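Participant: Have a look at this fold, sequence not included:
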């Protein structure tokens, strides 16, 4: 490859060829322009749809509270909250476009075989991240109930919406990211960084590590949320071993080898 060129592919070619660096930078600017436009439009949509989004995020709190109201403590808190939700909403609504533009950027530099390998991982990453976010949303009422009762019956709860939303969004983000765990493991197996046999031999240590990580990264700190994170992660660990064995045609280890 010559200096100042980057690998890409013509529309009618199956193997990548060199692309001038200037053209590559123009392509970066073009893709970033589409992403920024998507973020701007999605931000406006989320700002307008703020009442519906806030209602959806309040639902877990309403399940464990009689009055179901969040209280601001400053005159600018309402505006700050709406802008914050619009920003998060813009990112969430723009994710498909961001992934698509990222794919359009890297795809010309990949062979047909590489494209066939990457697409399943991209799809799996989106599905697993969405599953983690949904799991966090489902268990959040139980986490709130625990946090509301741990201080004793003499304490009443009047939640500030900024701190409340920071907690639920942080929980969703943590679950979404950690649910990418099996995708990473399978990728490591297919690239021969680790083997299914090696993962199977250290499963006891992996279980301890998963429990520790779940206890550390769970924002709410309640036992149910930690268990709801640790249990799927260990299930994903075992599933990754199985997928790796099937993909690499590696035989299962015997009980003596485990």
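Facilitator: Structure received. Small disclaimer: the values here were computed from a predicted structure and weren't measured.
Participant: CA atoms for contacts and neighbours, from now on please.
Facilitator: Noted.
Participant: so where is the stretch 151-258 of the chain shaky, pLDDT-wise?
Facilitator: 250-258 (pLDDT under 70).
Participant: 90 - rerun?
Facilitator: Applying pLDDT under 90 to the stretch 151-258 of the chain flags the ranges 151-171, 173, 176-177, 183-184, 186-194, 215-225, 228, 243-258.
Participant: so where do the helices sit in it?
Facilitator: 161-178, 181-190, 196-201, 203-217, 223-248 (DSSP state H, counting those that start in this stretch).
Participant: Quick check: which of these is nearest to residue 106?
Facilitator: helix 181-190 (17.9 Å; C-alpha to C-alpha).
Participant: ok and the closest one relative to helix 223-248, angle-wise?
Facilitator: Relative orientation of helix 181-190 versus helix 223-248 (axes from the mean of the first three to the mean of the last three C-alpha atoms, to 10 degrees): 30 degrees.
Participant: In a markdown table: the helices of the stretch 151-258 of the chain, plus mean neighbour count.
Facilitator: Putting the helices of the stretch 151-258 of the chain into a markdown table (neighbours: other C-alpha atoms under 10 Å) gives the following:
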| stretch | mean neighbour count |
| --- | --- |
| helix 161-178 | 19 |
| helix 181-190 | 19 |
| helix 196-201 | 18 |
| helix 203-217 | 15 |
| helix 223-248 | 18 |
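Participant: okay if I get those helices as TSV plus distance to residue 39?
Facilitator: Converted to TSV, these look like this (distance: least, C-alpha to C-alpha, whole Å):
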stretch	distance to residue 39
helix 161-178	19
helix 181-190	27
helix 196-201	40
helix 203-217	28
helix 223-248	30
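Participant: Report the rounded mean pLDDT for the longest helix seen in the chain.
Facilitator: Assignment by DSSP state H gives helix 112-150 as the longest helix of the chain. What helix 112-150 shows for mean pLDDT is 84.
Participant: which helices and strands sit right next to that helix?
Facilitator: Judged by 3 or more C-alpha pairs under 8 Å, 6 or more residues apart in numbering; DSSP states H and E, helix 112-150 is in contact with helix 50-64, helix 161-178, helix 181-190, helix 223-248.
Participant: possible to save those helices as JSON lines with distance to residue 133?
Facilitator: Below are the helices and strands packed on helix 112-150 laid out as JSON lines (distance: least, C-alpha to C-alpha, whole Å):
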{"stretch": "helix 50-64", "distance to residue 133": "12"}
{"stretch": "helix 161-178", "distance to residue 133": "5"}
{"stretch": "helix 181-190", "distance to residue 133": "14"}
{"stretch": "helix 223-248", "distance to residue 133": "11"}
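Participant: Of all those, which one is nearest residue 124?
Facilitator: helix 181-190 (7.0 Å).
Participant: If you count contacts, what does the closest one end up packed against?
Facilitator: helix 112-150, helix 223-248.
Participant: angle of the shortest one against helix 203-217?
Facilitator: Relative orientation of helix 223-248 and helix 203-217, computed by the same axes, to 10 degrees: 140 degrees.
Participant: quick one on the thing from earlier: so which of the helices and strands packed on helix 112-150 gets nearest residue 131?
Facilitator: helix 161-178 (7.0 Å).
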